[in-house]
Every structure is written in structure tokens, then in C-alpha cells.
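Colleague: when you get a sec, could you give me coordinates for this:
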Amino acid sequence: MTKNLAKYLLAITLLSFVFFLTRLINLDTLPVFGDEAIYLRWSQLIRNVETLRFIPLTDGKQPLFMWIVAVLLKFFTNPLIAGRFLSVISGYFSALFLSFVFLIYLNYDSNNKNIFSFLFESLKKYWALSLIPFVVYLFLPFSFFFDRLSLPDNLLSTLGIVSLFLILLISKFPRLDLTLILGGFLGLAWITKSPAIYFIILSFVGIKKIYLPIISFIISFLIYNLLRLGPQFHQLALRNMDYVWSPLEVIKHPLDPFIPHLKDLFVIYFQYISLPLFVLMFLGLVLSIINRQKVKRVFIFIAFGFLFPLISNLALSRVFTGRYFLYTNPFFIIFFSLALVNFFKYGFEYFQSKILIFSFVALCFLPNIFWIYKVSTNPFLVKLPLSESGYTEGWTAGWGIKDVSDYLINRASNHNVIVGTEGYFGTLPDGLQIYTDGVKSLTVFGVESSPSVIPEKLIDAKNFGDDVYLLLNSSKGNLTISSLERLKVIEEYVKPDGTSLILYQLI
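Modeller: Numbering: from 1, shown residues only. Here you go, the predicted model:
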């Protein structure tokens, strides 16, 4: 083992420790929110009922994330921790493979013809610089926030960055074995979320020998078509228009939603990346231009991988939120890392002080570190942009659901408990069902959203002698006075926006 390799392994070990420390502490401090509840409930059903392996297809969603969570549920008693742990692991491999991608990028122009010799040479020359993307990922709010949510977007991002790593290798070393492996990862990405198609396009752009990306596409297509085993496979295509505008509609109004979404993009970036880092990135770019740094061909390829899907989202998406373009985050990190390398390189030349340069960079990261600390310790006080507010505010935010489940489970030890929740899908009832799954004498089901009267089946259950409850969000409260007179407030859980989750008991 060479000295540089030993240093690299030591640095990666230390960074890995910090990564898991920041990601795993207080992992369930932020309560479950709407989509998490749905995906976790599907995972439980997949685990419990053999005939429901493809249940995500009923809502137009690919199932790989839920399949993996279903396995993890065997090892975790808290379903929210199980789902979020998968995102933590996904985030770690994203950071790790970003380091590998950057290593290849820095040494891409090498004339080394042997793949293993090339990788060893790259590590020997650039081991320290290759750690920069890992550090950036580690302290970037965009990465941190979604590393701690039970969503398939993080898994998609990881599979995308692994695919990028393989594409870059194949572009330098056209090999069939790497192509087959790439096809496998593209296929896994495709049965995670539909935007995986962007990575397939990227393989055709980045790999010169056209037959290689065709082979990888065929493999990925075969993996994707395994979903045909599910009887609801056709639902995947039917739901597409729920999320994107058709090209014909975009032609009719080309700047809408592009311009509104562009404004949303800046708000989201300033929240999840921060203004100081943008300033740092701008300075690195300016220094590279002043010093007439040559633009590499691989840089243009990375730029395409970043801008093409991002612009497509801006132009086509009906709903624009951070997690929908999370898979472009690794490309941004590569750009930022390059700017940081230039800032260090030319900054040392101009200012002749490494202490000054490192201090300035550290100061730029301080707001991010503070934000990360606040989210992990007291997310109740974190204010998110309007497009992101559903994680902490409104009916989608699950403040109080875990407490309600604990109370109901305790009641179910001595009573037959029946619980009605507003809505049939989402934070309620799924958020409550994930915590009460398998509890005997406890039944949770959805009723109409914003009910004005107590549902008849709850009244019938009460008349039968059951312990009956109604769980509602105050933001959708619409009960009549006569209905409220039959309800006793057991507990009320206030949310950051002033609304609350209210548990009523039917008396």
C-alpha cells in the first residue's frame, strides 16, 4: 500500500464517520410526512401480503425503493427509521462515488491504457482533491435534508451517480463487462423512478462506441419490463400527465411554467445550498476565466448531464419541488468542487496565504453547518420555502402522529379501538397505520376529507361498544356544532404554521 493510498483510506474513514454521525443522530426528529407515509405503508403491505408486491404501480410509482424498505422492516421496529436508513445509506454511496467520479474527471486526459493502472495513477496524483466532493456533499443542506427522508429520490440519485461513474470509465475504456454492469444500474434506476431515462440518454451522449450504450439500454429495458409482472403496469404511463406537461401544451405557453419554476429554483437553491457557497462558486469561476483555464470535453459532458434534466424539469413539470430534481445535485456538486479547486489553486497564488484561503472557505460553509444542526436538533423551528413547506407545515406534516399511535396502542391493550382519519391516502391514514401495523384490537381507516359530520360507521362502532376516535387536521376542520358536542379532545398537536393535529374521542 502506497503512502497516498493510506492517506486516502484514512481520510475516507474519518469522513465516513462524520457522515453517519450527522445523518443518523435524531433521524426521526422530523415527523413523517405525506409521501413518506404512503411509501412506508406500501412497504409494510409488500412485506405482509405476497400478492401486493407491485402495489406502488397502482399510483404510477416504481417499486424498487419500497421493496428494499420491506426487507429493512425485518431489522427495524420503527418503520420511519427503516425507510430513512435506506436514504442514509444511499446518500453515503452518492458521496463516495462522487469522489470516484471526480478522481476520473481530474485525470481524464491521462494516456494510461489500462483501467486499473489508470485508477491507481489517478488516486496517487489526486487523492486529496478527490475528497472535495465528499466534503461538499457532507455539508450541503440539499444532500443532508433528503439523506434523512424516506423517499426514492435519494436512491435514484445514488444509482445515477454510479451510472455516471461507469459511463466515464466506459468512455475511456470501452469494455463489454462495464457496459453490462452499467445496464444493470440503469435498470435499477428505471424501476426506482422514471427520471432515470435521463441517465440512459447520458450514456448515449458520453460513450463514443454506439453499440455499447445500446447494449446497456437493452439490459435496462429488460429489467424495467420485469414490472409487467404487476397487473397495474399500465398505470405507470397513465399517471405521467399528472406530473408533466405534454410538449404540445408547452408549445402553447413556452414560458409558463418555465419562468415561475425558474424563480422557485433560485429560492430552493438558496435554501438548500446557501448564498455564501454560490459566492464561493462564482469566485472560483471568475478565477478560472481570468487565468484562461482550458475547458475540457468531459466538462461539457458533465454540464449537459446537469442542465438538460434541470431545464426539462423547469419547462415540463406541473409541480416543482427540490426532491424532483435531486438527482441533478451530484452534477452541481462536481461543478462546485471544480470551482473550489480553482479557488484554492489561484487563491494561493494571489494571496500567498493558505490560512486565509482555508478560513474564507470554512466561513462560507458555516451557515450550512448551522442549518444542518438546527434541522437535526429542532426542525420545528426550520422555515422552508413555500414549495418545500409540506415537510414541516400543513396537513402533509405528521407532527403528533407518533404520539397518537402510542396512545392508541396503549388503549388497544384493554379496548377494541376504532380510529377514523381524514382522507383515504397520505399522511392520514397511512402515517398512523405504519406505526399501528399488526396491533390487535386496533383498526385505522380513512374517512372523507374535511368531514362535516361524524361518519356513520364510527357512530355504529361506538354503539357496538368500541373505543372510537377521530383524527383530523384543524386546517381541514369542518365539523358541525352538533358533531363537536359528541367529541372530546384527547390531545392537540400544534404545527409550525399554527395549525394542529387533533385527536377526538367519540363520547
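Colleague: sketch out the low-pLDDT regions of the chain for me.
Modeller: 1 (pLDDT under 70).
Colleague: and the closest residue in space to Thr377 that isn't next to it in sequence, how many neighbours?
Modeller: Among residues not flanking Thr377 along the chain, Asn26 sits closest, at 6.4 Å (Cβ to Cβ, 6 or more residues apart in numbering). The C-beta positions use only the backbone N, C-alpha and C, and glycine is treated the same way. Using other Cβ atoms under 10 Å, Asn26 is surrounded by 13 other residues.
Colleague: you'd agree Gly394 is up against Ser500?
Modeller: No: if you go by Cβ atoms under 8 Å, Gly394 and Ser500 don't touch, sitting 11.2 Å apart.
Colleague: what is the neighbour count of Ser449?
Modeller: 17.
Colleague: list the contacts for it?
Modeller: Glu422, Gly423, Lys476 (Cβ atoms under 8 Å, 6 or more residues apart in numbering).
Colleague: which residues in the protein form strands?
Modeller: Using DSSP state E, the strands assigned to the chain run over residues 417-422, 442-447, 467-473, 487-494, 500-506.
Colleague: tabulate those strands (CSV), appending distance to Gln271 and mean neighbour count.
Modeller: Below are the strands of the chain laid out as CSV (distance: least, Cβ to Cβ, whole Å; neighbours: other Cβ atoms under 10 Å):
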stretch, distance to Gln271, mean neighbour count
strand 417-422, 29, 25
strand 442-447, 32, 20
strand 467-473, 25, 24
strand 487-494, 23, 14
strand 500-506, 25, 21
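Colleague: so which of these gets nearest Val375?
Modeller: Among those, strand 487-494 comes nearest to Val375, with 19.1 Å by Cβ to Cβ.
Colleague: does anything pack onto that closest one? Which helices or strands?
Modeller: When contacts are defined as 3 or more Cβ pairs under 8 Å, 6 or more residues apart in numbering; DSSP states H and E, strand 487-494 packs onto helix 401-412, strand 500-506.
Colleague: is it possible to get a markdown table of the ones you listed that adds distance to Thr51?
Modeller: Formatted as a markdown table, those follow (distance: least, Cβ to Cβ, whole Å):
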| stretch | distance to Thr51 |
| --- | --- |
| helix 401-412 | 26 |
| strand 500-506 | 33 |
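Colleague: can you give me the neighbour number for Ser413?
Modeller: For Ser413, using other Cβ under 10 Å, the count is 11.
Colleague: and it, how far from Asp467?
Modeller: 11 Å (Cβ to Cβ, to the nearest Å).
Colleague: go on, Leu96?
Modeller: For Leu96 relative to Asp467 (Cβ to Cβ), the value is 50 Å.
Colleague: what's the domain layout of the protein?
Modeller: Using automatic domain parsing, the domain parsing of the chain gives 3-25+32-377, 401-506.
Colleague: ends of the shortest one, what's the gap?
Modeller: Taking Cα to Cα, to the nearest Å, the first and last residues of domain 401-506 lie 19 Å apart.
Colleague: ok, stretch 119-136 next?
Modeller: 22 Å.
Colleague: please apply the same query to stretch 471-491.
Modeller: For stretch 471-491, the end-to-end distance is 10 Å (Cα to Cα).
Colleague: hmm, who's touching that stretch?
Modeller: 394-395, 400, 403-404, 407, 419-422, 428, 432, 449-454, 469-470, 492, 499-507.
Colleague: give the contact list for Val18.
Modeller: Leu138.
Colleague: next one: it from Lys172, what distance?
Modeller: 32 Å.
Colleague: pull the number of nearby residues for Lys208.
Modeller: Lys208, neighbours per other Cβ under 10 Å, totals 10.
Colleague: need the contact list for it.
Modeller: Ser171, Pro174.
Colleague: let's see it at 7 Å
Modeller: Ser171 (Cβ atoms under 7 Å, 6 or more residues apart in numbering).
Colleague: what are the phi and psi values at it?
Modeller: phi -70, psi -50 (degrees, to the nearest 10).
Colleague: how distant is the lengthiest helix in the chain from the center of its chain?
Modeller: For the chain, the helix with the greatest residue count under DSSP state H is helix 79-106. With Cα atoms, centre = their mean, to the nearest Å as the basis, helix 79-106 stands 11 Å off its chain's centre.
Colleague: packing partners of that helix?
Modeller: If contacts are counted by 3 or more Cβ pairs under 7 Å, 6 or more residues apart in numbering; DSSP states H and E, helix 79-106 sits against helix 3-24, helix 34-48, helix 64-72, helix 115-126, helix 132-138, helix 141-147, helix 152-172, helix 329-351.
Colleague: and these: which comes nearest Phe306?
Modeller: Nearest of the helices and strands packed on helix 79-106 (Cβ to Cβ): helix 329-351, 3.5 Å.
Colleague: and that closest one, what does it pack against?
Modeller: Right, helix 329-351 is packed against helix 79-106, helix 132-138, helix 152-172, helix 275-290, helix 297-316, helix 354-377 by 3+ Cβ pairs under 7 Å, 6+ apart.
Colleague: the same query, at a cut-off of 8 Å, please.
Modeller: helix 79-106, helix 132-138, helix 141-147, helix 152-172, helix 275-290, helix 297-316, helix 354-377.
Colleague: hmm, back to that, what's the closest of the contacts of Ser449 to Gly230?
Modeller: Gly423 (25.0 Å).
Colleague: residues in contact with the closest one?
Modeller: Counted by Cβ under 8 Å, 6+ apart, Gly423 has contacts Pro429, Gly446, Val447, Glu448, Ser449.
Colleague: ok so, going back, against Tyr224, how distant is the residue nearest to Thr377?
Modeller: Distance from Asn26 to Tyr224, counting by Cβ to Cβ: 37 Å.
Colleague: next: Tyr269.
Modeller: On the measure of Cβ to Cβ, Tyr269 and Tyr224 end up 31 Å apart.
Colleague: quick one, which of these two is more surrounded?
Modeller: Tyr224 (21 against 17).
Colleague: just checking, that one touches Trp190?
Modeller: Yes: Tyr224 lies in contact with Trp190 (Cβ under 8 Å); the separation is 4.4 Å.
Colleague: buried stuff in stretch 243-251?
Modeller: Using 16 or more other Cβ atoms under 10 Å as the test for burial, stretch 243-251 gives Val244, Trp245, Val250.
Colleague: how about residues contacting stretch 72-90?
Modeller: Under Cβ under 8 Å, 6+ apart, the answer for stretch 72-90 is 20, 23-24, 27-28, 32, 36, 39-40, 43-44, 47, 65, 68-69, 146-151, 154-155, 157-158, 402, 434-435, 437.
Colleague: give me the neighbour count for the spatially closest residue to Gly187 that is not a sequence neighbour.
Modeller: Excluding the flanking residues, the one nearest Gly187 by Cβ to Cβ, 6+ apart is Ile223, at 2.7 Å. For Ile223, the neighbour count with other Cβ under 10 Å is 19.
Colleague: before we move on, the earlier item: distance to His261 for the strands of the chain - can I get that in JSON lines?
Modeller: Shown next, in JSON lines, are those (distance: least, Cβ to Cβ, whole Å):
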{"stretch": "strand 417-422", "distance to His261": "30"}
{"stretch": "strand 442-447", "distance to His261": "32"}
{"stretch": "strand 467-473", "distance to His261": "28"}
{"stretch": "strand 487-494", "distance to His261": "32"}
{"stretch": "strand 500-506", "distance to His261": "31"}
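Colleague: nearest to Ile290, of these?
Modeller: strand 487-494 (53.2 Å).
Colleague: parallel or antiparallel, which strands does the closest one pair with?
Modeller: strand 500-506 (antiparallel) (DSSP bridges).
Colleague: now the strand it pairs with against strand 467-473, angle please.
Modeller: Here strand 500-506 points in a direction 160 degrees away from that of strand 467-473 (axes from the mean of the first three to the mean of the last three Cα atoms, to 10 degrees).
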